[in-house]
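Student: Sharing a model that was predicted from the sequence below.
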Amino acid sequence: MVPLPRLATVGGIPVTHLLPPEKLQKIVERTVKGGAEIVDILKTSAYYAPSAAALQMADAILLDKKRLLPCSAYLDGEYGIKDVFLGVPVKLGKEGIEHIVEIELTPQEKSALERSAAQVRELVEVMVKRGGLPK
């Protein structure tokens with residue numbers, strides 16, 4: 001996950017103008033670890049957020065809303081990354097992913113995204129070796 005708090009807004013106001021950096025950093029850290037926290041509290045799968053996201057995606061596709069949503073998409077050069085699925089902002093409509101939206105990233109954000117892509121590739125390799133995915 002590569003959170004971009006500099007792009008987050010509340011009522012159109014950048015969140016960076018509303019919260020001190022320390023508080024914002026704590027929120028980012030909690031967001032990144034949120035799934036594990038939910039599993040720990042509920043003692044079950046963290047199904048709520050993924051199911052809510054799937055519903056939003058289905059709504060955007062079935063009703064051709066052309067909504068901007070974060071989705072796992074196959075990157076073929078976007079963000080300078082190829083041959084891996086990563087969560088990125090996309091426009092979703094009746095054709096599925098109609099466009100991958102490339103947000104200008106800071107050098108730190110770009111580096112974090114590249115690390116994320118490397119981790120996904122590593123996980124895929126492990127799963128292929130264990131027979132969990134086809135080659």
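Tutor: Nice, I can see it. Numbering: from 1, shown residues only.

Student: which other helices and strands contact the helix or strand residue 55 falls within?
Tutor: Per DSSP states H and E: residue 55 is located in helix 48-62. Judged by 3 or more Cβ pairs under 8 Å, 6 or more residues apart in numbering; DSSP states H and E, helix 48-62 is in contact with helix 34-42, strand 67-76, strand 82-93. Just so you know, the C-beta spots here come from the backbone N, C-alpha and C atoms, and that holds for glycine as well.

Student: quick one, which of these is nearest to residue 122?
Tutor: The closest of these to residue 122 is strand 82-93. By Cβ to Cβ, the value is 10.5 Å.

Student: now the lowest-mean-pLDDT helix or strand in the chain: how far from the chain's centre is it?
Tutor: Ranking every helix and strand in the chain by mean pLDDT, DSSP states H and E puts helix 34-42 at the bottom, with a mean of 82. The chain centre lies 18 Å from the centre of helix 34-42; the measure is Cα atoms, centre = their mean, to the nearest Å.

Student: export that helix as CSV, just CAs?
Tutor: The C-alpha trace of helix 34-42 is given here as CSV (Å, rounded to 0.1, in the frame of the first residue of the first chain):
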residue,chain,number,x,y,z
GLY,A,34,-6.1,-1.7,9.4
GLY,A,35,-6.9,-5.1,8.0
ALA,A,36,-4.8,-6.9,10.6
GLU,A,37,-6.4,-4.7,13.4
ILE,A,38,-9.9,-5.7,12.2
VAL,A,39,-9.1,-9.4,12.1
ASP,A,40,-7.6,-9.1,15.6
ILE,A,41,-10.8,-7.4,16.9
LEU,A,42,-13.4,-9.6,15.1
